[in-house]
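Participant: With the input below, show me the fold.
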Amino acid sequence: MTILLPKLLNALRGASIYEFRKTYPVVTAAFAVGVAWVMRRSATPKRETEGAAAIAPFRRDFLSKGSLAAMALVIVILAGYATVAIKWEHFADYDESTFTLFTVRGHNFEPPIWPASGRFFPLGQQEFNVIRHFTSSAAGYHAAPIAELAIVCCILFFLDDALTFSARATLAAAFLVLPSIVTSFSGLVFPDRNVVFWIACLLLFVKLFERTRSTLWAVAAAICGLNMLFYKETAFLLLFGFAAGRLILRCRRPGRDGWDLACLRDRDSRLDLCFLFSVLLFLFYYAAVMFPHPNMQYARQYSVPLDKTLVYYLTLDLFAVVFAAVALRRAYQVFRRRVSPTPFWDALALGGIAYCAAFLYLRLCRPYYMAPVDFIAVLYVGRFVFLSWQKMRWTSRTAILAVALVILLQSVSLSSFRLYERENIVQAEDRLADAIVIQSQNDPSHAQRLYFPFSLATPITEFSSYLTYRGVAVEGYPALGRPVSSKSAVIVDKAFSVDGPCVNYRDFVCHAGPRPNPGDLVIELPMDPESQAYISPYQSGGLSLFTYQPRPRLPQWMIPLLTYLRVASIRWQPLPLPDRWLHASVTQWK
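Facilitator: Take a look at the predicted model:
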C-alpha cells in the first residue's frame, strides 16, 4: 500500500493538470449519479403544499409601495453595472492578458493549476473558453458576470420566505453596493464571483429540496457545491462548515445533552453527507496535484502581518466584521442552549466564518476575497434584523440604524473609489494604445521602441498584451489579426539591468535601458508610482503625443479622503497615492 499510494498520486497529478477539462465532466457526472442513488426516494405531496404556502406572502407583498421602490433601486444599480460593461469596457484591466493572449485569439485558457506557486482553482476563467465561441468583444465577455449578478439578485428575492418582498429587495440593493461585490463582478478575472454565484444556487436548490423532497433539486445542489470547490482553494471550508453545521444542529437533541444519530438516515442528512463527500473529493484532487511537495508560495509572497490584516478588513468591510460578531454570539447562545438553532441559516453562518477565518490565517488582503462572506452576511444579518425589528426596543433600533448607515457610507464610498479607479485605468490604457497604434501605422517598417521609465514589470506585461490585441506586435507576441512577420515593438524598462523576460509567465521581453533613445515613445502608465517632479524631465524632453487626466476631475477637498479609500484599490492599497494618480502620457523623445 505504501508503494502504490505514491504511484497513484503521481498518476492523478498528471491527469489533473493536463486532462482536467476531460476528467472533470466525467467526475461530475459520476458524482451526480451517486447523489441521485443516495437520494433515491420521491417527493412527498405534503411538503410540496407547504412550499407553495410559504411563497404566498411573497405574492401579497409584491405590489406595496416599499417593495416597488426597493425593486426599482435594485434595477437601477444592475442597469449601472450593465451600462459600464457595455459602453466603456476594454481588455485593459487587471490580469486581462488571459483573454487578449488566449481566448480572444481562439485558444483555450488552460485550467489554473500551478503547483509551483501553490495555486489550484482549475475552473477559474474556464467559462470564457465557451464564451469565446460566441463573442470576442469586451462587452460580450462582461455579459457573463453581469448575468451571474442578476441571477444572484433573483435568488435573493426567492431564498427566504420569512421576509417580505421589500425586505428582500433592500437586502439585494445592499448586496450590490458592497465593495467586494463591486470588485468581483465588475472585473473578469476574479473567481470569487463564481463562488458567490454557486453558493447562491446551492442554497436555492437546498431550499427547493426541503420543500419538495425532489431528488432533482438535491442533485443540482450537490453539483453546485462541487463546482464551487474548484473555483477557490478555500471554498471547501465554506461548504464543509455549512454541511457539517447542518448535521450537527440536526442531530443535537434539543433541551438536553446527547445526540440523535438516527437523524443521519434522514434525506436532509444524506444530502449533507454528499456535500462532505464532495469536499473529500476536492481535497484528494488537491493532494494529488500538490504531491509530493505542497507549498504556500503564493500566500507567503502576498501575506502581511496579522494586525495589518485585521485593520485592513475593518476599514474595507465593516459589514463582514458585524456579521462575524453576530454569528459568533448566536453560535455561543446555541451552544449554551439559550436559543433554538435554525440548521440552514446557522450552518450557513458557520461556513461563512470558516471561509473568513481562512484569509485571516493566511493574512491575505484583497478587496474581492470577502465577496462570499458578504453574500452570506447579507442573508444572515439581514434576516436577523428584519425578523427581530418589531420586537426590538427603540435603543436597539437606533443603534442598528447607526451601524447600518456607517456600513452604507463605507460601502458606497469604497465602491465608488474602486469603479472610479478601474474605469480610469481602462480608459487611459485604451487611449494610450490609440496613440501607439497611430505611431506604428505612420511608420509600419520601423520597430518602435517603447520606453517605460517608472512602470513595474506586471503592468508593462498587461499593457503590452493589450497592445497586441489592438494590432501592435510586441516582441514575444504577434499582433492579433496581423502577419507574424510584422515588425514588433520593443519594450525598454529603466528598472531592468539586463535583458530578459518581463515576467516568468509570459514571453514578452524587457530590455534594459537607463535612458530613452531619440525616437522612443516614453510611456507613463496610469498605475505608475512617479510624482510630477520625476515625470517632468521626460515630458519636457520630447514631443507630447497624448496626455490623460482622470475623469471626472475630483474637487480638491476630496483628495485627502483618498488616503482612506485606497484600501479598495488592488494596486495602491499598501502604498500612498502619487500626485499623478491615474495620469498617463505618451511622449516622443528627441
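Participant: list the buried ones in stretch 496-513?
Facilitator: Neighbour-count burial for stretch 496-513, with 16 or more other C-beta atoms under 10 Å as criterion, is recorded at 496, 502, 506, 508-511, 513. From N, CA and C alone the C-beta is placed, and that goes for glycine too.
Participant: List the contacts of it.
Facilitator: Applying C-beta atoms under 8 Å, 6 or more residues apart in numbering, the contact partners of stretch 496-513 are 97, 101, 451, 457-458, 460-461, 464-465, 474-477, 490-494.
Participant: Filter those down to just the ones in strands.
Facilitator: Judged by DSSP state E, the subset of the contacts of stretch 496-513 located in strands is 451, 490-493.
Participant: wait, what's in contact with the residue nearest in space to the middle of the chain?
Facilitator: Nearest to the geometric centre of the chain sits residue 192, at 3.0 Å (C-alpha atoms, centre = their mean). Contacts for residue 192 (C-beta under 8 Å, 6+ apart) come out as 180, 184, 232, 368-369, 371-372.
Participant: circling back: quick one: the buried residues of stretch 496-513 as TSV, columns for secondary structure too.
Facilitator: What follows is these, written out as TSV (DSSP: H, G, I helix; E, B strand; the rest coil):
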residue	secondary structure
496	coil
502	coil
506	coil
508	coil
509	strand
510	strand
511	strand
513	coil
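Participant: So which of the residues you listed is the closest to residue 115?
Facilitator: Of all those, residue 506 has the smallest distance to residue 115: 19.0 Å, by C-beta to C-beta.
Participant: where does this protein dip in pLDDT?
Facilitator: The model of the chain has pLDDT under 70 over residues 1-18, 41-67, 255-256, 292-293, 444-445, 483-486.
Participant: biggest helix in it by residues?
Facilitator: Longest helix in the chain, counting residues (DSSP state H): helix 394-442.
Participant: what's it packed up against?
Facilitator: Counting contacts by 3 or more C-beta pairs under 8 Å, 6 or more residues apart in numbering; DSSP states H and E, helix 394-442 packs against helix 179-186, helix 318-335, helix 457-469, strand 521-524, strand 542-548, helix 562-565, strand 584-589.
Participant: So which of the ones you listed is nearest residue 223?
Facilitator: Closest among the helices and strands packed on helix 394-442, using C-beta to C-beta: helix 179-186, at 21.9 Å.
Participant: and the angle for whatever helix or strand comes next after the closest one with helix 179-186?
Facilitator: The element immediately downstream of helix 179-186 (helix or strand, assigned by DSSP states H and E) is helix 192-212. Angular relation of helix 192-212 and helix 179-186 on a 0 to 180 degree scale: 100 degrees, by axes from the mean of the first three to the mean of the last three C-alpha atoms, to 10 degrees.
Participant: Show the subsequent helix or strand relative to helix 192-212.
Facilitator: helix 215-229.
Participant: so that next one versus helix 192-212, what angle?
Facilitator: 160 degrees.
Participant: ok, and what's touching helix 215-229?
Facilitator: Contacts to helix 215-229, defined as C-beta under 8 Å, 6+ apart, come from residues 28, 31-32, 35-36, 39-42, 123, 194-195, 198-199, 201-202, 205-206, 208-209, 235-236, 238-239, 267, 271, 274-275, 278-279, 281-282.
Participant: Show me just the buried residues among these.
Facilitator: 28, 31, 35, 39, 123, 194-195, 198-199, 201-202, 205-206, 208-209, 235-236, 238-239, 267, 271, 274-275, 278-279, 281-282.
Participant: looking at the ones in strands among the contacts of stretch 496-513, which has the most residues close by?
Facilitator: Greatest neighbour count in the ones in strands among the contacts of stretch 496-513, by other C-beta atoms under 10 Å, goes to residue 491: 28 neighbours.
Participant: check contacts around it.
Facilitator: The contact partners of residue 491, by C-beta under 8 Å, 6+ apart, come to 450, 452, 460, 464, 474-475, 502, 508-511.
Participant: Repeat that for residue 590.
Facilitator: Contacts for residue 590 were tallied using C-beta under 8 Å, 6+ apart; they are 518, 541-543.
Participant: which of these tops the neighbour count?
Facilitator: That'd be residue 542 among the contacts of residue 590, by other C-beta under 10 Å, with 18 neighbours.
Participant: That one and residue 446: what is the separation?
Facilitator: 17 Å (C-beta to C-beta, to the nearest Å).
Participant: picking up where we left off before, okay, the helices and strands packed on helix 394-442, which one's buried deepest?
Facilitator: Of those, the one with the most neighbours on average (mean count of other C-beta atoms under 10 Å) is helix 179-186, at a mean of 27.
Participant: hmm, back to that, with residue 349 as the reference, name the closest of the helices and strands packed on helix 394-442.
Facilitator: With C-beta to C-beta as the criterion, residue 349 lies closest to helix 318-335 of the helices and strands packed on helix 394-442, at 3.9 Å.
Participant: buried residues in the helix or strand following the closest one?
Facilitator: Later in the chain than helix 318-335, the nearest helix or strand by DSSP H and E is helix 343-362. Using 16+ other C-beta under 10 Å as the burial criterion, the residues of helix 343-362 that qualify are 343-356, 358-359, 362.
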